[in-house]
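>>> Mind folding the following:
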Amino acid sequence: MKPAARRRLATVATLAVVTLVGGCSDEPEPRFAEPSESVTSSDAPTTADSNVPARAGESEFIENYFALMSTSFATGDPQSWLDQSGNSCQNCRTIADNVRAAYADGGRVEGAEYVVENATFIENSPIGAVWRVDIRSAQQRWLDSSGAVTKIVEAGELTYEIAVQRDAQAGLVAEGLRIP
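Numbering: from 1, shown residues only. Here you go, the predicted model:
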């Protein structure tokens, strides 16, 4: 990974957690960088050391990944989503811990749905193929066991960067999740 990309990843890694579990309704909408050309599996570049398309299946994986994330928030069980997250994705672990904590003692999260609007390949890095993903999110209502609202995260548009890596045993996994 280039030093600037590594610094950028380290600097903003915790922002995904803040946005996912602690957003405020009075914050302005995030601004997005203009996406570069989207890559489909039919016109995907190949890796330098392989004739296999580097992007094959990655955009579908990303859509499924965020659908599993939505299910985690709806059920309080992030295991299926974590199974698609690599061991080094600390933000993934933190989000999963926060989801479990929300459901502890009878609490719940209502609404939290993440729908992929666009996924654009950015670059290859040592932790995987980095994609910029534009997400539409539904409003989240975090409730305690009595049904009292403890937090509201407003609906909105979010942009994430996700590093997708091919794992010999697990197939595709997300090794990083952050807000650029």
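>>> now the helices for this protein?
Applying DSSP state H to the chain gives helices spanning 3-12, 15-22, 58-75, 79-83, 90-103.
>>> who's in contact with the closest residue to Asn64 other than its chain neighbours?
Of all residues beyond its chain neighbours, the one nearest Asn64 is Gln84 (7.5 Å), with distances taken as Cβ to Cβ, 6 or more residues apart in numbering. From N, CA and C alone the C-beta is placed, and that goes for glycine too. Residues near Gln84 by Cβ atoms under 8 Å, 6 or more residues apart in numbering: Phe61, Asn64, Tyr65, Leu68, Ala170, Leu172, Val173, Ala174.
>>> From the residues you listed, pick the one nearest Glu123.
Ala174 (15.9 Å; Cβ to Cβ).
>>> Was I right to think that closest one contacts Asn91?
No: contact criterion Cβ atoms under 8 Å: Ala174 and Asn91 do not qualify, at 9.5 Å.
>>> higher neighbour count, these two?
Between Ala174 and Asn91, counting by other Cβ atoms under 10 Å, Ala174 is the more crowded of the two (27 against 21).
>>> Who is that one paired with across the strands?
Note on Ala174: beta-bridge partners Ser85, Val164, judged by DSSP bridges.
>>> neighbours around the nearest residue to Ala138 once chain neighbours are set aside, how many?
In space, Ala138 comes closest to Glu113 once its chain neighbours are excluded; the distance is 4.1 Å by Cβ to Cβ, 6+ apart. Using other Cβ under 10 Å, Glu113 has 18 other residues around it.
>>> what does Ala96 give?
19.
>>> surely it meets Thr75?
No: with contact defined as Cβ under 8 Å, Ala96 does not count as touching Thr75 (12.0 Å).
>>> How much space separates the residue lying closest to Ser72 once chain neighbours are set aside from Arg132?
Distances taken as Cβ to Cβ, 6+ apart put Pro78 closest to Ser72, at 3.8 Å, once the chain neighbours are dropped. Counting by Cβ to Cβ, to the nearest Å, the separation of Pro78 from Arg132 is 23 Å.
>>> Just want to know which of those two has more residues nearby.
Neighbours were counted for Pro78 and for Arg132 using other Cβ under 10 Å; Pro78 has more, 23 against 19.
>>> For Glu60, the count of nearby residues, please.
Residues near Glu60, counting by other Cβ under 10 Å, number 13.
>>> Report the beta-bridge partner residues of Arg178.
Applying DSSP bridges, one finds that Arg178 bridges with Glu161.
>>> what's the straight distance from one end of stretch 130-150 to the other?
By Cα to Cα, to the nearest Å, the extent of stretch 130-150 from end to end equals 34 Å.
>>> in it, what counts as buried?
Val130, Trp131, Arg132, Val133, Asp134, Ile135, Ser137, Ala138, Gln140, Trp142, Leu143 (16 or more other Cβ atoms under 10 Å).
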